[in-house]
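take this sequence and fold it.
(2 chains)
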Amino acid sequence: MRQLLFELGGTRAVAEMHDDVVPKTCDAVWNVLPVEGMAIHANWSSREIMLHLHGEKILRLPPEGPARRGTTAPGDIVYFWRSPQMSRGKQLAYSSEFQRELSELAIFYGDPAGGGLAADDPARSGRDSNLQVATLFATFIDIPKEFAQKCEEIRHNGLQRLVVTRLERSR
Amino acid sequence: MSDQLDPHVLSRKIRISFPDDGVSAVADLLDADCPNTCEAIWHLLPVRVKAIHDIWSGHQLLVHLDNTFVLPPENVLTYLPLPGDIFYYYRPPNYFRGSPYGRSESAEIGIVYDRDTRPQGPRGPEAVSLFANISSSLEGFARACEDMIYRGQKDLLIEKLERAG
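The predicted structure is shown next:
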């Protein structure tokens, strides 16, 4: 499996792609790497940070893989796309590029719920409407505590730069 | 004549401010619906606390009060609040597995600043005690709330707004 390196505020975490389950999504993400930007914390989805894909890096991918139940586990990384007409109004907290359409990597850094159920995200309802795509494509390998801590600190201290690169294996 | 007066004119009012931003809003206490909570909050004021943006509920802030500030539920059928609604919420120790916001026990005030919000914790929606509603300057206050998504937590001052005369 191909691996990804996530660097956030001086911490690192390594994820493994699910090439065997969602190969097309993995290929598409792999081909736009490296990507970087200011990571933003989720407001509805629990312990999740997001990296919006900018400019040439924007991905508009079709759904792939088994239907998800809308739940996540700590360490899951999801490709997410939302069409411009999906949500009411604008996301004024986001830059102008993302107030309507959204293309992002969603990184679930901690226990999403006390009982294992992710909190509902009203902005992400309508999964069967083809107006949005959410594909689980990678999972962290033993997510380091300091990396998770940095993710959580975004809520307290504001945005942090996140860099995602290919982790090339030595032969 | 008194029953024709606007209840907002008669209600006790509080001011909610971000001192560092120079932004504030005024809220009416809902004494008729939530008298015990309103009374307790009124006597608690003023408070200056760190506000943090919620991560489960949508367009909502919360502030953590001292855990000894425990009030019984009152006026709690508030799963779908309106913009400007302000509520009190308490969860006892170990109510949730883990420690949401680093706290196993929490007494909180929540402030809803836009639609598409539902007070909830890790296990889903939570009923909260609705005790006040912002009656003026919500728009500018909401922008300062939303700004916390980018900038992180902010100092929040909640104080009594005494009537002149």
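
contacts, neighbours, all on C-alpha from now
Noted.

where in chain B is pLDDT low?
Applying pLDDT under 70 to chain B flags the ranges B:1-9, B:163-165.

quick one: the helices in it?
B:7-10, B:35-44, B:138-146, B:148-151 (DSSP state H).

got the contact list for the second one?
Here helix B:35-44 makes contact (Cα atoms under 8 Å, 6 or more residues apart in numbering or on different chains) with B:29, B:30, B:31, B:71, B:74, B:88, B:129, B:131, B:132, B:160.

what subset of these is buried?
B:29, B:30, B:74, B:88, B:129, B:131, B:132, B:160 (16 or more other Cα atoms under 10 Å in any protein chain shown).

select, from the residues you listed, the two members most distant in space.
Farthest-apart pair in those is B:74 and B:160; separation 21.1 Å (Cα to Cα).

quick check: residue A:3 vs chain B, distance?
Counting by Cα to the nearest Cα, to the nearest Å, the gap from residue A:3 to chain B is 29 Å.

hmm, back to that, closest to residue A:148 out of the helices of chain B?
Ranking the helices of chain B by proximity to residue A:148 (Cα to Cα) places helix B:148-151 first, at 17.8 Å.

give me the distance from the closest one to the chain's centre.
Distance of helix B:148-151 from the chain centroid (Cα atoms, centre = their mean, to the nearest Å) equals 18 Å.

buried sites along that helix?
Those buried within helix B:148-151 under the rule 16+ other Cα under 10 Å are B:148, B:149, B:150.

how about residues contacting that helix?
Against helix B:148-151 from outside (Cα under 8 Å, 6+ apart): A:40, A:41, A:93, A:155, A:156, A:157, A:158, A:159, B:52, B:53, B:154.

quick check: next helix or strand after the helix or strand harbouring the fifth one?
In this case it means residue A:156. Assignment of secondary structure by DSSP states H and E places residue A:156 within helix A:145-157. As assigned by DSSP H and E, the chain's next helix or strand after helix A:145-157 is strand A:160-167.

contacting residues for residue A:143?
By Cα under 8 Å, 6+ apart, the neighbours of residue A:143 are A:13, A:14, A:75, A:109.

and the helices of chain B, which is most packed in?
helix B:148-151 (a mean of 21; mean count of other Cα atoms under 10 Å in any protein chain shown).

about what we covered before: now, the buried ones among the contacts of helix B:35-44 that are in strands?
Here DSSP state E is the test, and the buried ones among the contacts of helix B:35-44 give B:29, B:88, B:129, B:131, B:132, B:160 as lying in strands.

can I get the residues you listed in JSON lines including distance to residue A:62?
Output for those, formatted as JSON lines (distance: Cα to Cα, whole Å):
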{"residue": "B:29", "distance to residue A:62": "49"}
{"residue": "B:88", "distance to residue A:62": "43"}
{"residue": "B:129", "distance to residue A:62": "43"}
{"residue": "B:131", "distance to residue A:62": "46"}
{"residue": "B:132", "distance to residue A:62": "45"}
{"residue": "B:160", "distance to residue A:62": "54"}
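
and which of the residues you listed is nearest chain A?
Relative to chain A, the closest of these is residue B:88; by Cα to the nearest Cα it sits at 19.4 Å.

hmm, back to that, export the helices of chain B to TSV and tack on distance to residue A:25?
As requested, these are arranged in TSV below (distance: least, Cα to Cα, whole Å):
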stretch	distance to residue A:25
helix B:7-10	55
helix B:35-44	51
helix B:138-146	32
helix B:148-151	29
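
among those helices, which comes closest to residue B:100?
Using Cα to Cα, the nearest of the helices of chain B to residue B:100 is helix B:148-151, at 17.7 Å.

which residue in the contacts of helix B:148-151 has the weakest pLDDT?
Comparing pLDDT over the contacts of helix B:148-151, the lowest score belongs to residue A:93 (56).

burial count for residue A:81?
25 (other Cα atoms under 10 Å in any protein chain shown).

how far away is it from residue A:44?
16 Å (Cα to Cα, to the nearest Å).

equivalent analysis for residue A:30, please.
From residue A:30 over to residue A:44 the distance is 28 Å, taken as Cα to Cα.

which of these two has more residues huddled nearby?
Per other Cα under 10 Å, whichever of residue A:30 and residue A:44 has more neighbours is residue A:44, with 27 against 18.

check contacts around the closest residue to that one other than its chain neighbours.
Using Cα to Cα, 6 or more residues apart in numbering or on different chains and skipping residues adjacent in sequence, the residue nearest residue A:44 is residue B:56, 4.2 Å away. Residues in contact with residue B:56, defined by Cα under 8 Å, 6+ apart, are A:43, A:44, A:45, A:46, A:119, B:119, B:120, B:121, B:122.

turn these into TSV, including distance to residue B:42.
Formatted as TSV, the contacts of residue B:56 follow (distance: Cα to Cα, whole Å):
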residue	distance to residue B:42
A:43	29
A:44	30
A:45	33
A:46	32
A:119	33
B:119	23
B:120	25
B:121	26
B:122	30
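
roughly how far does the residue nearest the centre of chain A sit from residue B:134?
The residue lying closest to the centre of chain A (Cα atoms, centre = their mean) is residue A:106, at 1.5 Å. Taking Cα to Cα as the measure, residue A:106 falls 33 Å from residue B:134.

quick one on the thing from earlier: the residue nearest to the centre of chain A against residue A:49, yeah?
Yes: counting by Cα atoms under 8 Å, residue A:106 touches residue A:49, with 6.0 Å between them.
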